[in-house]
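# Predicted model follows, preceded by the sequence.
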Amino acid sequence: MSRLYILIVAVNMCFGSIVSGASESQVFEGMHGAFTVETVTTGLNHPWAMAFVSEHEILITERDGALRLVKSGELVQRPIKGLPEISAENDQGGLLDIALDPRFRINRRVCFSYSAAGENGRGTNIACGHYRDNDLDDVQVIFSAAPQNKSGRHFGSRLLFADGFLYATLGDRGVRPQAQDLGSHPGSVIRILPDGGIPADNPFINRPGALPEIYTFGNRNPQGLTLNSVTGEIWMHEHGPRGGDELNRMIKGANYGWPVISYGKEYFLPKAVGQGTHQAGMQQPVHYWTPSIAPSGMTFYHGEKFPAWQNSLFIGSLKFQELVRLELKNGVVVTEEKLLSQEYGRIRDVRVGPDDALYVLTDAKNGKLLKIMPTP
């Protein structure tokens, strides 16, 4: 992708904006024409996820355990108060995803995932609280993954409210056999009610020895989860080992194969993981990457600002420091475009804002919130 070397001061011109702070912008040339990337704010400490609480306010999680507010384009210096104790060490754990209750404008309820310490190590928790006066109150844990362990790897964790349920992805915590064990949460996607209850139609609810929250299993470390609002399908992706990152359509009760089948290799050996790439009863990925791109946040674009990007699926890449745009036809990836390659660093999350612009978080000690808009 070529870049047009234009450095401008963004005033958002005729596009409108959920932010108003003037900032540095650059113009890039993509497959379908030029687009502008504006740096909304800097100073975020390894940001992980974001949620738009209004047209002018964005909540952003930082992996070290702080919840931050960006208001009218400015990073509020005081972190949000009211979070539970978060086990944030120098690893993959910490404060992770954030999602607004579908009735947020009425109940002000916010849910988030994080790594929590317990007697047997650490695990992924989901908690929800009410966002009032720029703080959280009445925070309650509605789910705790079991078992805990002392590993600092593979917590997941993305959250998605869809169809009246809350879905959450859980990594295998570095203990591979757990992903095939229905009596263990790690290595699965769970589906619960917004209050933490168990849906009566979950696929394994009546299976002896199976945890009733589990919706899919055989997942390694899924860190992308999104709804295609046009088709109603839920899509997810997960990290492979050395190669074999997967894009999957979520299917109720499906086994995605990890670690029995994989398109990846062991980290320190020229040896394939598992027993090959196919096995009866195990789901094949819609698309996979070898070498790994280390996928992160993911979203479908259905806004009006970018007609040529309608129905595109955007995925952040940590390893190659780029934003991947996929075009799908009949559920098959037909085009893959790489945007912003090594321009802004590791991309951790991507979301569509209320103004139909794309918003991106970069994973760094001095992380950035970026806004992608059409170029006039």
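Thanks, I have it.
# Would you mind measuring from the closest residue in space to Tyr256 that isn't next to it in sequence to Leu136?
Sequence neighbours aside, Gly218 is the residue nearest to Tyr256 in space, at 4.1 Å (criterion: CB to CB, 6 or more residues apart in numbering). C-beta: built from backbone N, CA, C; applies to glycine. Relative to Leu136, Gly218 is positioned 34 Å away (CB to CB, to the nearest Å).
# now Thr42
Using CB to CB, Thr42 is found at 25 Å from Leu136.
# More neighbours: those two, which one.
Leu136 (23 against 15; other CB atoms under 10 Å).
# can you confirm that one is in a helix?
No: Leu136 is assigned strand when assessed by DSSP: H, G, I helix; E, B strand; the rest coil, not a helix.
# Go ahead and flag the most central residue of this structure.
Nearest residue to the geometric centre of the chain (CA atoms, centre = their mean): Gly297, 3.5 Å.
# Let me see the contact set for the closest residue to that one other than its chain neighbours.
In this structure, Gly297 finds its nearest non-sequential neighbour in Asp349, 3.4 Å apart by CB to CB, 6+ apart. The contact partners of Asp349, taken as CB atoms under 8 Å, 6 or more residues apart in numbering, are 47-50, 296-297, 316, 360-361.
# Filter the residues you listed down to just the ones in strands.
The members of those that map onto strands under DSSP state E are 47-50, 296-297, 316, 360-361.
# okay if I get the residues you listed as CSV plus pLDDT?
Below are the ones in strands among the contacts of Asp349 laid out as CSV (pLDDT from 0 to 100):
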residue, pLDDT
Pro47, 98
Trp48, 98
Ala49, 98
Met50, 98
Ser296, 98
Gly297, 97
Gly316, 98
Val360, 98
Leu361, 98
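# how about JSON lines for these, with distance to Thr231 added?
Formatted as JSON lines, the ones in strands among the contacts of Asp349 follow (distance: CB to CB, whole Å):
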{"residue": "Pro47", "distance to Thr231": "30"}
{"residue": "Trp48", "distance to Thr231": "27"}
{"residue": "Ala49", "distance to Thr231": "24"}
{"residue": "Met50", "distance to Thr231": "24"}
{"residue": "Ser296", "distance to Thr231": "23"}
{"residue": "Gly297", "distance to Thr231": "20"}
{"residue": "Gly316", "distance to Thr231": "22"}
{"residue": "Val360", "distance to Thr231": "24"}
{"residue": "Leu361", "distance to Thr231": "26"}
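# Flag the shaky bits of the protein, pLDDT-wise.
Within the chain, the stretches with pLDDT under 70 are 1-23.
# run the last query once more with 90
1-24, 90, 267-270, 376 (pLDDT under 90).
# before we move on, the earlier item: any idea which element the residue nearest to Gly297 lies in?
Using DSSP states H and E, Asp349 maps to strand 347-352.
# Give me the phi and psi angles of the residue lying closest to Arg103 once chain neighbours are set aside.
Excluding its sequence neighbours, the residue lying closest to Arg103 (CB to CB, 6+ apart) is Arg109, at 7.2 Å. The phi/psi pair for Arg109 (degrees, to the nearest 10) reads phi -90, psi 130.
# ok, what's across the strand from Arg109?
The residues listed as beta-bridge partners of Arg109 by DSSP bridges are His130.
# picking up where we left off before, what bridges to the residue nearest to Gly297?
In beta-bridge terms (that is, DSSP bridges), Asp349 pairs with Leu361.
# From Leu370, how far out is it?
Plainly put, Asp349 is 10 Å away from Leu370 if you go by CB to CB.
# any residues in contact with both of the two?
Common contact partners of Asp349 and Leu370 (CB under 8 Å, 6+ apart): 360-361.
# Now do the contacts for the residue nearest to Tyr256.
By CB under 8 Å, 6+ apart, the contact set of Gly218 is 179-180, 187, 254-258, 260, 282-283.
# do Asp137 as well
82, 129-130.
# For PyMOL, what selects the buried ones among those residues?
The PyMOL selection below is limited to those of the contacts of Asp137 classed as buried (16 or more other CB atoms under 10 Å):
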select buried, resi 129+130
